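Trainee: The sequence and its predicted three-dimensional model are supplied below.
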Amino acid sequence: MSDLETFRAETRKWLEENYPKNLAQADIDDDDDSIWGGRRAVYKNKDARLWLDRMAAKGWTAPTWPKEYGGGGLSSAEARVLQQELGRIKARPALMSFGIWMLGPVLLEYASEEQKREYLPKIVRGEIRWCQGYSEPGAGSDLASLRTRAEDKGDHFLINGQKIWTSYANRADWIFCLVRTDTSKKHEGISFMLFDMATPGVEARPIKLISGSSPFCETFFTDVKVPKSQLVGKLNGGWEIAKRLLQYERQNISSGGFGGGGGVELEEIAKAYVGEEDGRLADADLRARIAAHRMEAKAFSLTVRRIEEEAKAGKTVGPAVSIIKYAAAKLNQDRFELMVEAMGSQGLGWDGEGFAPAEIAATRGWLRSKGNSIEGGTSEVNLNVVAKRVLGLLDHQ
Amino acid sequence: MANLTEEQTMLRDSAKSWVAEKSPVAAFRKMRDAGNTDGFDRAVWRDMCEMGWAGILIPEALGGSGLDYLTLGLVLEETGRTLTASPLISTALLATSALLLAGNDTQKSEWLPKFANGEALGALAVDEAAHHSPERVALKAARDGSGWKLSGKKAFVLDGGTADVLIVAARTAGKQGDADGITLFLVSGTAKGLKRTKLRSVDSRGVANLEFDSVAVGAEDVLGAVDHGFSTLEAVLDRGRAGQAAEMLGQSVQSFEMTLDYLKTRTQFGQVIGTFQALQHRAAKMFTDLELARSCVEAALIAIDRGANDVPQLCSLAKARAGDVCHLVSNEMVQMHGGIGMTDAHDSGLYMKRARVAEATFGGSSFHRDRYARLMGY
């Protein structure tokens, strides 16, 4: 048996013994049922906590991070096997975490040794829930025009300003935040800092979205004192880190896909609501559009796999990687449009009687998906990136 | 790009340089303008055979090199780049695959060595009407002593006018629309009672209409099992679809690169037009679709080589996605070049014409979307 097959067998056995049985049957209705960890985590299901602790003890919440920082120390091939085995038993994610998806990878690259030892193990264990302080009311697609100011006060920075679209800021313990430390320059005047959301002067106000949920906040900073040890990388060197983190964010959004819809395939939903004639969906036009969408989704997943295989073979990451955020956003939006359309009037409920939870989730998911082409870089910005960095087209003068 | 073996990389690279040197678009244009009625240049084909491309799939014992479909796909992608017209698809891919999948030893040793060395050409004759529909075979094969007599017609047969041997799908039982009752026959291109009409297609390739008037074939000319030829036919067609998709990918990538070059050099309003965001976004979307199409094409070819059970789905996926991107890119090529793109002197039109024919060959994108849905159970 190859090493990888041994690893698979061991992993399978470990999962059989350690994946809490009750968790498998638990409902996942919304984000509150997902395990995000943090100081204020509420575990509706105590097995969720148990599952997190067991996975974290092995470092498998961050499978490829080095063991010395609490990670699993797995190769990418082993990590893929772990993913496959988790998928096989339909395991719930042990931990949802911006710390793992976005912050950790840039800390590994840019943080001091001391910072890595301080923050990474806590991220792995889900002890700190992080939020992302990037966008501002006046700095969306043009992120580098951000104005939240961090003034050097000798032994600390003093932060004043406002962020917006801060995901889960009202539930997060800490923030990784872009601040302006030099007003005379644009990109070269930005620094990357970490601080505790419980620091006096921090206030997060949830924003209600068209889907009815409030995953995003406006976040205000008034004379927030941040110790200098919490600056990551160089002073005024934050833009490079910011961009790198965005790559991880876009990659994560794309390879994980935009969730929702309960994992039921579109054609199955359509069959249930539209019906079949001679083994085909009864609505020929809808059927054709579902097929085109499903083929695009397949082309997308084949592309994600191709990129992984190319990376595994030691090639540099190909240009295909830059298209995945754009493509993933479009696919998810198309999927929800088709899903709601297929459900007919059952896809048009808001809440209350007459609609199944999955139907409400589809409707809300459809509305939520409109953000996919905005968050983490708009589709237009993503296309700009492809045009300029990959295709070598120049800026308009 | 898939991870390639050393052999595949070498062959791809040699195809790339051969195409650039010996078979640029200008060569295709010259052939077209010379009024060539074969739809390919025989000297060019001899060259390709000498490099071993005609025998990529053919076992070494029969004069080929016994390589795989991904390898042939790589060559097709390169020849597609410059619109190289050749019997690679009709002979080296379709007819060869049919013989490899269903031929007996006698049939294989009669034809495959000749395919490999360029002595003979093959063609697959399936469709009879304007749209691809392999189940709709009506051309009748009636028992005649120990042999058969074929009567009916075939339409738009790729290299059908020049092929030495035609692989003809005929109906030996059942009715039009039944998958059962179809039999494949090997028919000589010069058989008595066969009338071949070479067509002048928009892409200047070799296609022909065939009429069969009691064409006699022997029992030894049945390829595979009587009445049960459909599964072989589908497998052959899938190989053709994947190969055609690879060729379309090549021509799409090339027309995209040419367009991108133009965006970087053409100046209007005092700057190169590639600085305009309206064009940048369209270019980025084309690039996205090209990358997605590449993944599908490679996955289909690799699935064939591995004998995977999702070959039909993946071949339909590859054919549909490559067909769509081929139209997208060739149309954008004309549009982004503006007036010059409308002229016969510019290559844009050649790419657009070829895209239209290649996309329709072995089922257009809508055929394959329908087939994909059927295969996936809806």
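Mentor: Perfect, thanks for sending it.
Trainee: And the next helix or strand past the top helix by length along chain B?
Mentor: Using DSSP state H, we find that the single longest helix of chain B is helix B:230-265. Using DSSP states H and E, the helix or strand that follows helix B:230-265 in sequence is strand B:267-268.
Trainee: What residues sit buried inside stretch B:358-374?
Mentor: B:358-374 (16 or more other C-beta atoms under 10 Å in any protein chain shown). The C-beta positions use only the backbone N, C-alpha and C, and glycine is treated the same way.
Trainee: Keeping just the C-alphas, turn it into PDB.
Mentor: Provided in PDB are the C-alpha atoms of stretch B:358-374 (Å, rounded to 0.1, in the frame of the first residue of the first chain):
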ATOM      1  CA  ALA B 358     -16.300  22.400 -36.800                       C
ATOM      2  CA  GLU B 359     -19.000  23.200 -34.200                       C
ATOM      3  CA  ALA B 360     -21.700  21.500 -36.300                       C
ATOM      4  CA  THR B 361     -19.500  18.400 -37.000                       C
ATOM      5  CA  PHE B 362     -20.600  15.300 -35.000                       C
ATOM      6  CA  GLY B 363     -23.300  17.400 -33.300                       C
ATOM      7  CA  GLY B 364     -23.500  21.000 -32.500                       C
ATOM      8  CA  SER B 365     -23.400  22.500 -29.100                       C
ATOM      9  CA  SER B 366     -27.200  22.300 -28.700                       C
ATOM     10  CA  PHE B 367     -27.100  18.600 -29.600                       C
ATOM     11  CA  HIS B 368     -24.500  18.000 -27.000                       C
ATOM     12  CA  ARG B 369     -26.300  20.000 -24.300                       C
ATOM     13  CA  ASP B 370     -29.300  17.800 -24.900                       C
ATOM     14  CA  ARG B 371     -27.300  14.700 -24.900                       C
ATOM     15  CA  TYR B 372     -25.500  15.700 -21.700                       C
ATOM     16  CA  ALA B 373     -28.800  16.300 -19.900                       C
ATOM     17  CA  ARG B 374     -30.100  12.900 -21.200                       C
END
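Trainee: got a list of what A:Glu136 touches?
Mentor: Counting by C-beta atoms under 8 Å, 6 or more residues apart in numbering or on different chains, A:Glu136 makes contact with A:146-148, A:161-164.
Trainee: Domain boundaries for the chain, per the record?
Mentor: Went with chain A since none was named. Following automatic domain parsing, chain A resolves into domains at A:3-96, A:130-236, A:257-390.
Trainee: Please refer instead to chain B.
Mentor: Chain B resolves into domains spanning B:6-120, B:124-228, B:231-375 when parsed by automatic domain parsing.
Trainee: Check whether the shortest one comes close enough to chain A to count as a contact.
Mentor: What that stands for is domain B:124-228. No. Using C-beta under 8 Å from any C-beta of the partner chain, domain B:124-228 stays clear of chain A, with a minimum separation of 13.4 Å.
Trainee: From the chain's centroid, how far away is that domain?
Mentor: Put simply, domain B:124-228 sits 18 Å off its chain's centre (C-alpha atoms, centre = their mean, to the nearest Å).
Trainee: ditto for the first one
Mentor: Between the centre of domain B:6-120 and the centre of its host chain there is 11 Å, according to C-alpha atoms, centre = their mean.
Trainee: Tell me which helix or strand the residue of the stretch 101-250 of chain A found nearest chain B sits in.
Mentor: Using C-beta to the nearest C-beta, A:Ser141 is the residue of the stretch 101-250 of chain A that sits closest to chain B, at 12.2 Å. A:Ser141 is part of no helix or strand when elements are defined by DSSP H and E.
Trainee: Now for A:Glu10, how many residues are close by?
Mentor: Number of residues near A:Glu10 (other C-beta atoms under 10 Å in any protein chain shown) recorded here: 12.
Trainee: cool, the one 3 residues further on as well?
Mentor: Counted with other C-beta under 10 Å, the burial measure for A:Lys13 works out to 11 neighbours.
Trainee: how much space is there between it and A:Tyr19?
Mentor: Per C-beta to C-beta, to the nearest Å, A:Lys13 is found 11 Å from A:Tyr19.
Trainee: Which element is encountered next along the chain beyond the longest helix seen in chain A?
Mentor: Across chain A, the helix with the greatest residue count (assigned by DSSP H) is helix A:284-312. Following helix A:284-312 in sequence order, the next helix or strand is helix A:324-343 (DSSP H and E).
Trainee: Run the chain-centre distance for that next one.
Mentor: Averaging C-alpha positions (C-alpha atoms, centre = their mean) puts helix A:324-343 17 Å from its chain's average.
Trainee: repeat for stretch B:245-255
Mentor: How far stretch B:245-255 lies from its chain's middle: 12 Å, per C-alpha atoms, centre = their mean.
Trainee: Any chance of a markdown table for the domains of chain A, columns mean pLDDT?
Mentor: Below are the domains of chain A laid out as a markdown table (pLDDT from 0 to 100):
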| stretch | mean pLDDT |
| --- | --- |
| domain A:3-96 | 88 |
| domain A:130-236 | 96 |
| domain A:257-390 | 89 |
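Trainee: between those domains, which gets nearest to B:Leu4?
Mentor: Of all those, the one in closest proximity to B:Leu4, counting by C-beta to C-beta, is domain A:257-390 (9.6 Å).
Trainee: is chain B contacted by the closest one?
Mentor: Yes. Under the criterion of C-beta under 8 Å from any C-beta, domain A:257-390 makes contact with chain B via A:267, A:270-271, A:276, A:279-281, A:287-288, A:290-292, A:294-296, A:298-300, A:302-303, A:305-306, A:309-310, A:313, A:315, A:318-320, A:323, A:326-327, A:380, A:382-384, A:386-388, A:390.
Trainee: roughly how far is that domain from the heart of the chain?
Mentor: In terms of C-alpha atoms, centre = their mean, the centre of domain A:257-390 is set 16 Å apart from its chain centre.
Trainee: picking up where we left off before, drop anything exposed from the residues of domain A:257-390 next to chain B.
Mentor: A:267, A:270-271, A:281, A:287, A:290-292, A:294-296, A:298-300, A:302-303, A:306, A:310, A:318, A:320, A:323, A:326-327, A:382-384, A:386-387, A:390.
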